[in-house]
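In: Model the following, please.
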Amino acid sequence: MEETVVLSSDASASPTELIASLEKHVMLRMDTLVDHLQSLQQEGKLDQETLKSEFNQVSRLAQASLLIRALNSLLAPPTAKGGDIETGDLFKKIHQTAENLHALYKDQTMKEIDLKAVQILEQIQNKEQQIRSQIAQKQQAIAQLVRSQTHAR
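Out: This is a model prediction of the structure:
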């Protein structure tokens with residue numbers, strides 16, 4: 001799926017062509033970031049900071065794509081086709097990206113909850129073991145006290 005979009009600085013390129021190229025580049029970059037996050041998640045290497053940072057980048061790219069769309073509409077009169085990426089397709093793409101990010105956040109949150117639950121369970125088990133050990137020591141002390149009092153009589 002790796003596509004290369006060349007942002008041309010060719011003087012012969014029309015503003016509409018440059019904007020279309022920029023729009024493709026922004027969408028590709030957004031896809032690349034989401035793919036990277038999904039790859040990290042599959043490898044078990046996704047952390048909250050990376051997720052937050054790349055989520056913010058994707059969010060800014062989505063905003064940029066909407067601005068680019070508006071700019072394109074302002075600079076060029078609408079044609080029968082309307083451009084390389086239709087506005088409806090753009091919104092679908094942004095929605096799909098948002099759903100992917102939502103799923104990543106949900107999975108990451110569940111992993112963090114599971115990790116915290118394991119830590120709490122370990123703390124409870126350790127405390128339970130301490131209490132059992134203290135009870136056993138007290139029972140031994142009481143048994144020894146009873147034996148010593150029984151022998152003393």
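In: from the middle of its chain, how far away would the helix or strand bottoming out on mean pLDDT in the chain be?
Out: None of the helices or strands of the chain scores lower by mean pLDDT, DSSP states H and E than helix 48-75, at a mean of 86. Here helix 48-75 shows a centroid-to-chain-centroid distance of 16 Å under the convention CA atoms, centre = their mean, to the nearest Å.
In: got the buried residues for it?
Out: 51, 54-55, 58, 61-62, 64-65, 68-69, 72 (16 or more other CB atoms under 10 Å). The way it works is simple: take the backbone N, C-alpha and C, and place the C-beta from them, glycine included.
In: Closest one of those residues to Glu86?
Out: Arg69 (9.7 Å; CB to CB).
In: Please tell me I have it right and that closest one contacts Leu90.
Out: Yes - using CB atoms under 8 Å, Arg69 is in contact with Leu90, at 5.9 Å.
In: Could you list every helix and strand in contact with the longest helix seen in the chain?
Out: For the chain, the helix that runs over the most residues, judged by DSSP state H, is helix 87-152. On a contact count with 3 or more CB pairs under 8 Å, 6 or more residues apart in numbering; DSSP states H and E, helix 87-152 meets helix 15-42, helix 48-75.
In: give the contact list for Ala98.
Out: Contact analysis of Ala98 by CB atoms under 8 Å, 6 or more residues apart in numbering lists Ala62.
In: Pass me the low-pLDDT residue ranges in the protein, would you?
Out: 1-11, 76-85, 153 (pLDDT under 70).
In: Could you report the distance from Ile135 to Ser21?
Out: Ile135 sits 74 Å away from Ser21 when distances are taken as CB to CB, to the nearest Å.
In: okay, these two: which has more neighbours?
Out: Ser21 (16 against 10; other CB atoms under 10 Å).
In: The more buried one and Thr50, how far apart?
Out: Separation of Ser21 from Thr50 (CB to CB): 29 Å.
In: what's the answer for Ala64, then?
Out: 21 Å.
In: His102 too?
Out: In terms of CB to CB, His102 sits 16 Å off from Thr50.
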